[in-house]
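S.K.: give me a model of this one.
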Amino acid sequence: MDDITLKGHQLQKQTLFKSDRKRVYRIPSLFYDSDKKIFMAFAEQRSTVHDSSTKHLVLKTGTLKEESPGVRTIEWSELKVVEEAHLDGHRTMNPCPVYEKTSRTLFLFFICVKGVISECWQRFWGCNKARPCYITTKDGGQTWSGVTDLSHLPDIKRWATFAVGPGHGLQTESGRLIIPTYAYASCSTSYCCISCKCSVPHALTLYRDNEGSSWHFSKLLETESLECEMAEVSDDEGHNYIYCNARSKGGYRVEAIDRGAGFETLPAGKLVETGGGCQGSVVSFPAPSEGAMADSSQNKWLLYTHPSDLSNRINLGVYLNKSPQDPNAWSKPWIINSGPSGYSDLAYIEDGWFACLMECGAQKETEQIACEVFHYSQVEKGIAE
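M.R.: Residues are numbered from 1 along each chain as shown. Got it, this is the predicted structure:
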């Protein structure tokens with residue numbers, strides 16, 4: 001565990017997955033089970049930094065501990081390979097958990113990609129080799145179900161390729177389960193045609209309603225967009241809607257909202273994209289009431305993490321938005337990791353506490369995946385300085 005001090009705020013960064021010459025850990029995914037009071041941290045285990053070298057999904061579970069007044073950390077288990085998340089002849093990628101509260105079941109979504117076929121190859125030839133899958137657990141990852149393969153869904157046949165997450169999904173107040181997804185929509189309906197090299201990515205959702213057994217894809221966002229995360233937000237009048245924050249190929253992040261009739265892209269705001277793009281994470285949480293956190297508050301705000309540099313994956317920032325429908329309402333970033341920073345995943349715990357799983361390192365962001373726990377009051381102070 002490394003102690004770091006940022007602008008007077010002491011944080012404790014815990015290394016969960018450390019890369020070495022034989023294995024590289026990438027693509028963090030974090031879930032907090034408020035029923036069992038446990039964390040579940042997932043990642044890809046690879047033999048190199050390249051996507052095509054992915055071997056397994058791995059898992060660590062943890063419990064929250066109070067080190068001292070105002071300082072909390074997580075006590076983590078030993079690493080475990082999630083062997084059930086596997087299809088023969090395929091590599092497993094993009095962990096993306098979502099929790100169904102009524103049945104207390106965690107769905108772990110991922111994609112299984114045939115052999116070592118790259119996303120670039122699929123995009124060029126217009127031949128999708130990715131399959132959406134999930135496994136489930138009711139005991140915090142001690143045991144898992146077999147794999148459910150959703151590659152029969154008709155939309156998949158129209159795409160050059162696609163992926164879920166990575167990061168986390170959500171269950172809405174109405175009971176709908178939502179998995180953030182993006183797909184490369186083929187520009188041609190012909191099979192394996194070279195013209196499909198112009199396929200364009202768009203974010204969308206994979207969803208299921210009210211404990212039903214059928215999963216469906218939503219319509220694609222009209223705006224070009226990639227890896228995404230989503231959150232349900234409520235305003236002062238109690239109206240709920242889904243907020244989407246997606247990776248772009250440069251410039252500004254893509255933000256959109258769905259009030260029930262499909263996603264509408266918001267005007268470009270203040271969230272800049274890093275270089276050619278990087279995944280980011282977003283969660284909603286109850287707005288503070290009279291200086292205190294009120295988890296029963298109807299009004300929800302947003303917290304977002306992403307590298308804050310315009311060109312390079314460095315300096316992971318935490319951003320706050322108190323008016324989620326306004327893309328210009330984002331705060332400046334509070335930097336929680338100085339130096340190389342890559343993909344991240346946020347989880348809201350309770351009573352104003354958050355946890356962030358992040359790729360980071362001294363020289364490269366692929367050196368380790370670490371976790372930091374912080375409170376809303378630290379976010380407020382950090383963005384104010």
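S.K.: and the strands in the stretch 101-250 of the chain?
M.R.: Taking DSSP state E, counting those that start in this stretch to define them, one finds strands in the stretch 101-250 of the chain at 105-114, 130-137, 148-149, 159-164, 170-171, 177-185, 200-208, 216-217, 228-234, 240-246.
S.K.: nearest to residue 311, of these?
M.R.: The minimum distance between residue 311 and the strands of the stretch 101-250 of the chain falls on strand 240-246, with 19.7 Å, by C-beta to C-beta. In this view, the C-beta of every residue, glycine as well, is placed from N, C-alpha and C.
S.K.: quick one, the next helix or strand after the closest one and strand 200-208 angle?
M.R.: On the C-terminal side of strand 240-246, the nearest following helix or strand under DSSP states H and E is strand 254-258. Relative orientation of strand 254-258 and strand 200-208, computed by axes from the mean of the first three to the mean of the last three C-alpha atoms, to 10 degrees: 30 degrees.
S.K.: ok, and what's touching strand 254-258?
M.R.: For strand 254-258, contacts defined as C-beta atoms under 8 Å, 6 or more residues apart in numbering pick out 203, 221, 223-225, 228, 241-248, 263-266, 269, 271, 324-325, 327.
S.K.: at 7 Å instead, please
M.R.: Residues external to strand 254-258 that are found in contact with it (C-beta atoms under 7 Å, 6 or more residues apart in numbering): 221, 223, 225, 241-246, 248, 263-266, 269, 325, 327.
S.K.: packing partners for the helix or strand where residue 302 lies?
M.R.: Under the assignment given by DSSP H and E, the secondary-structure element containing residue 302 is strand 300-307. Using 3 or more C-beta pairs under 7 Å, 6 or more residues apart in numbering; DSSP states H and E as the contact definition, the elements that strand 300-307 packs against are strand 228-234, strand 281-286, strand 314-321, strand 334-348.
S.K.: so where's this protein uncertain?
M.R.: Applying pLDDT under 70 to the predicted model, the residue ranges of the chain that meet it are 1-10, 186-198, 211-212, 290-297.
S.K.: picking that back up, could I get the helices and strands packed on strand 300-307 as CSV with distance to residue 94 and mean neighbour count?
M.R.: Written out in CSV, the entries for the helices and strands packed on strand 300-307 read as follows (distance: least, C-beta to C-beta, whole Å; neighbours: other C-beta atoms under 10 Å):
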stretch, distance to residue 94, mean neighbour count
strand 228-234, 12, 24
strand 281-286, 14, 24
strand 314-321, 20, 23
strand 334-348, 11, 24
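S.K.: quick one: closest of those strands to residue 65.
M.R.: Taking C-beta to C-beta as the measure, the helices and strands packed on strand 300-307 were each checked against residue 65, and strand 334-348 came out nearest at 15.8 Å.
S.K.: that closest one to strand 300-307, inter-axis angle?
M.R.: Between the axis of strand 334-348 and that of strand 300-307 there is an angle of 120 degrees, by the same axes, to 10 degrees.
S.K.: can you give the contact residues for the next helix or strand after strand 334-348?
M.R.: Scanning the chain past strand 334-348 towards its C-terminal end, the next helix or strand to appear is strand 353-360 (assignment: DSSP H and E). Surrounding strand 353-360, the residues in contact under the criterion C-beta under 7 Å, 6+ apart are 26, 28, 30, 32, 39, 41, 72, 74, 303, 305, 316, 336-337, 340-349, 365-366, 368-375.
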